[in-house]
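K.L.:
build me a model from this:
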Amino acid sequence: MKWFKRDKKKDKSPEQESVTRGLLIFAHPTTVISVEEVLKDEGYEIRVVSPPTQYRTGCDLCVEFSLADEAAITELLNGVGMAPLDVVPITTKGMEPLQFVRKKDFGQYLMVRAANMKMTVDKKTKIIVNISGGGCPDVPHLATEMIGKRLRDAPNPGEVGFSLCAYSLNTAREEIIKMIGD
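P.N.:
Numbers count the residues shown, from 1 in each chain. Alright, predicted model coming up:
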């Protein structure tokens with residue numbers, strides 16, 4: 001009788017093999033913003049994303065993370081009073097997070113959308129030419145403070161505003177700065 005070594009890779013479905021990322025689901029987007037800061041300060045490689053449709057209740061965010069860090073992350077978050085409602089492995093196509101940041105190049109202008117907020121900048125002058133989207137009460141104030149100013153001279157939306165829209169607009173601003181500088 002021959003003994004055969006079992007090939008464990010062949011026993012796994014494609015979904016099981018590719019499960020390396022998960023989502024931390026929270027009740028409020030403001031919690032996600034705080035969690036992002038805590039986890040990045042601790043050195044975790046995470047991404048704030050829009051949750052899959054089955055986890056959406058409105059203006060939602062969640063945190064994508066490496067499942068290898070799940071135990072340490074959940075212990076840390078429990079310790080600081082920010083436990084997630086759910087921890088979900090990204091196992092199927094329907095569970096993938098929605099794209100939070102989208103970019104559109106219009107030649108002279110670059111528009112970056114983060115969630116429902118959009119910022120458009122003249123690529124040559126780096127002047128903010130338009131801010132639109134969102135539904136938060138601070139959006140008109142943010143637009144007034146930023147439109148017509150160079151990226152480096154415009155205030156940080158996260159410091160001027162107080163909402164998820166301000167957070168999203170700041171995400172768009174940071175992405176633009178990565179792409180064209182300030």
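K.L.:
am I right that Glu175 is in contact with Lys104?
P.N.:
No. Assessed by CB atoms under 8 Å, Glu175 is found out of contact with Lys104, at 11.8 Å. Bear in mind the C-beta positions are built from the backbone N, C-alpha and C, glycine included.
K.L.:
how many neighbours does Leu23 have?
P.N.:
23 (other CB atoms under 10 Å).
K.L.:
next, give phi and psi for it.
P.N.:
phi -120, psi 140 (degrees, to the nearest 10).
K.L.:
same check on Tyr44?
P.N.:
The phi/psi pair for Tyr44 (degrees, to the nearest 10) reads phi -80, psi 140.
K.L.:
so what's it closest to, chain neighbours aside?
P.N.:
The shortest distance from Tyr44 to any non-neighbouring residue, by CB to CB, 6 or more residues apart in numbering, is to Asp69 (5.9 Å).
K.L.:
pretty sure that neighbour contacts Val63?
P.N.:
No. Under the criterion of CB under 8 Å, Asp69 makes no contact with Val63, lying 11.0 Å away.
K.L.:
how far off centre is stretch 52-69?
P.N.:
9 Å (CA atoms, centre = their mean, to the nearest Å).
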